[in-house]
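Trainee: sharing a model prediction with you, sequence too.
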Amino acid sequence: MSLVHLHLVLNHFPIIGSFFALAFVAYGVLRKNETLTNAARVILIFVACVTVPVYFTGEPAEESVEQLQIDGEQFIEQHESAAQIAFAASLLVGIVAGVSLLPWWRTSKSITTVLVIGTLALTLLMVRVGNLGGQIRHSEIRAGASPANVESHSRDRGDE
């Protein structure tokens, strides 16, 4: 398995994981269910850990796409910029989640509030990164895409 393949396989975990963490932490806080809130914390730590190889395999993936000579350079740059922010946010939220598992922080309302807000922000950032990454190779999801130009772009790439 190449680094490019690894990037493509792993990049879904931070996006999906952040959604699950958001659902668990929101429901856990609303229901005052510490088990669900702790599950969200563990998921956030997992997301932070998986984000590391996803981020560092991004450069080989970029080089691979550039060799394909597709019209995605602007999308690559936007994806890379968004990924840098999401990577930092993931690490930060993962650290907050880890610290909030410690006994003396677990019941703190302020750290739980930070965790909820951080998880929401992280989920939005991850969705943006995923969307921009998808636009690199999937012209059909780009803004202003019409069936006619998507079909011609697919033919140009040899997708038929």
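Mentor: Great, that's in hand. Numbers count the residues shown, from 1 in each chain.
Trainee: other SSEs contacting the helix or strand residue 82 falls within?
Mentor: If you go by DSSP states H and E, residue 82 is part of helix 73-100. With contacts taken as 3 or more C-beta pairs under 8 Å, 6 or more residues apart in numbering; DSSP states H and E, helix 73-100 sits against helix 12-30, helix 34-56, helix 58-67, helix 109-137. C-beta: built from backbone N, CA, C; applies to glycine.
Trainee: pull out the buried positions in that helix.
Mentor: 75-76, 78-80, 82-83, 86-87, 89-91, 93-94, 96-97, 99-100 (16 or more other C-beta atoms under 10 Å).
Trainee: next structured bit after that helix?
Mentor: Next element after helix 73-100 (DSSP H and E): helix 103-106.
Trainee: need the residues that contact that next one.
Mentor: Identification of contacts with helix 103-106 by C-beta atoms under 8 Å, 6 or more residues apart in numbering yields 34, 38, 99, 100, 111.
Trainee: how far off centre is it?
Mentor: Put simply, helix 103-106 sits 28 Å off its chain's centre (C-alpha atoms, centre = their mean, to the nearest Å).
Trainee: tell me the mean pLDDT over that helix?
Mentor: Mean pLDDT, computed over helix 103-106, is 75.
Trainee: so how far is the first residue of stretch 25-35 from its last?
Mentor: For stretch 25-35, the first-to-last residue distance is 10 Å (C-alpha to C-alpha, to the nearest Å).
Trainee: and the nearest residue to residue 35 once chain neighbours are set aside, how many neighbours?
Mentor: Spatial nearest neighbour of residue 35, excluding adjacent residues (C-beta to C-beta, 6 or more residues apart in numbering): residue 28 at 7.4 Å. Residue 28 has 21 neighbours, counted by other C-beta atoms under 10 Å.
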